[in-house]
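[1] 3D, please:
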Amino acid sequence: MFGKLKSLFILEDDNETKKAAEKGQQEQSKIGKKKAAPPVSAHDITIDVANTTSPPSGKPDAKFVDILLKAVENDNLEGFDYLEYKSSLQSLSGMDMDEATKYKSALAMAKTMGATPSKLIKTAQHYLKTLEKEKSKFQEALKGQKAKQVTGKETTIKKLSETIAKKEQRILDLQKEIEADTVKLKTMKDGINQAVAKVQSTSDNFHYAYNVVTGQILADVEKMENYLK
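    As a prediction, this is how the structure comes out:
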């Protein structure tokens, strides 16, 4: 089942993948605006876990796509629903017909299985909620990763900065100690920069995968609402 489900959402066409990610991003932009990440400093270290304005560049991480689609598979509804309808749509992809005709033709097949436009849309929204739960779980895990890799060192950096500021007011015989602490501070900041980049990259990869999957569902919902009335 998972292989079949994955074939419905993984796109070979980069342009189509990008469109799907942008579609998913439109939904995310309603929640909040992405804040530009400030430079790493001893007093202000932030990691963007929302990513709600524009989709990151690149391709969806296969690991995250699998996680998202596994969640959909585990939450699969019984009977003919949106996923089966999407499969029918995919079977018509090679047919010489316009988009509206494909959606209506797939609906004609779906009706023989007891499906209705409202049921298809409702079940598609069910899977969007499933994906939203996965996103929440990911963000909680990411916050924990930040706390482990970044926040714990933040206090040490702040204290060390204050120590340097005090030592700068002391007499010249402490200059060597100040220089040693400055080197140590730089090393720790470099480590924090690497940690921030790693966590941000993880966040970007997940959200891109999330936007690709939700974007396709949202696009289908929009088209079903337009074409299947």
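[2] all helices in this protein, in order from the N-terminus.
    Using DSSP state H, the helices found in the chain span residues 2-9, 14-28, 62-74, 82-91, 99-111, 117-146, 152-167, 175-227.
[3] Check what pLDDT residue 35 gets.
    At residue 35, the predicted lDDT confidence score is 44.
[4] ranking the helices of the chain by burial, who's on top?
    Burial among these, expressed as mean neighbours by mean count of other Cβ atoms under 10 Å, is greatest for helix 82-91, which shows a mean of 20. C-beta coordinates here come from the backbone N, C-alpha and C atoms, glycine included.
[5] Please enumerate residues in contact with it?
    4-5, 7-8, 72, 76, 102-103, 106-107, 109-110, 113, 115, 120-121, 123-124, 126-127, 217, 220 (Cβ atoms under 8 Å, 6 or more residues apart in numbering).
[6] now do stretch 220-228
    Contact with stretch 220-228 is made by 82, 86, 89, 99-100, 103-104, 107, 117, 120-121, 124-125, 128, as judged by Cβ under 8 Å, 6+ apart.
[7] looking at the helices of the chain, which one has the lowest mean pLDDT?
    When I compare these, helix 14-28 is least confident, with a mean of 69.
[8] List phi and psi for residue 169.
    As for residue 169, its main-chain torsions (degrees, to the nearest 10) stand at phi -90, psi -10.
[9] For it, report the pLDDT, please.
    Looking at residue 169, its pLDDT stands at 79.
[10] For it, give its distance to residue 180.
    17 Å (Cβ to Cβ, to the nearest Å).
[11] And residue 146, by the same measure?
    29 Å.
[12] same check, this time on residue 88
    69 Å.
[13] do the same with residue 97
    Distance from residue 97 to residue 180, by Cβ to Cβ: 74 Å.
[14] How about the contacts made by the residue nearest to residue 23 when sequence neighbours are not counted?
    Excluding the flanking residues, the one nearest residue 23 by Cβ to Cβ, 6 or more residues apart in numbering is residue 215, at 3.3 Å. Counting by Cβ under 8 Å, 6+ apart, residue 215 touches 19, 20, 21, 22, 23, 24, 25.
[15] Identify the residues contacting the first one.
    Residues near residue 19 by Cβ under 8 Å, 6+ apart: 215, 219.
[16] Per-residue confidence at residue 30, what does it come out as?
    The model's pLDDT for residue 30 equals 64.
[17] Can we start the residue count at 667 from this point?
    Got it, first residue is 667 now, which makes that one residue 696.
[18] distance of the spatially most central residue of the chain from residue 855?
    For the chain, the residue nearest the mean C-alpha position is residue 873 (1.2 Å; Cα atoms, centre = their mean). For residue 873, the distance to residue 855 equals 27 Å [Cβ to Cβ].
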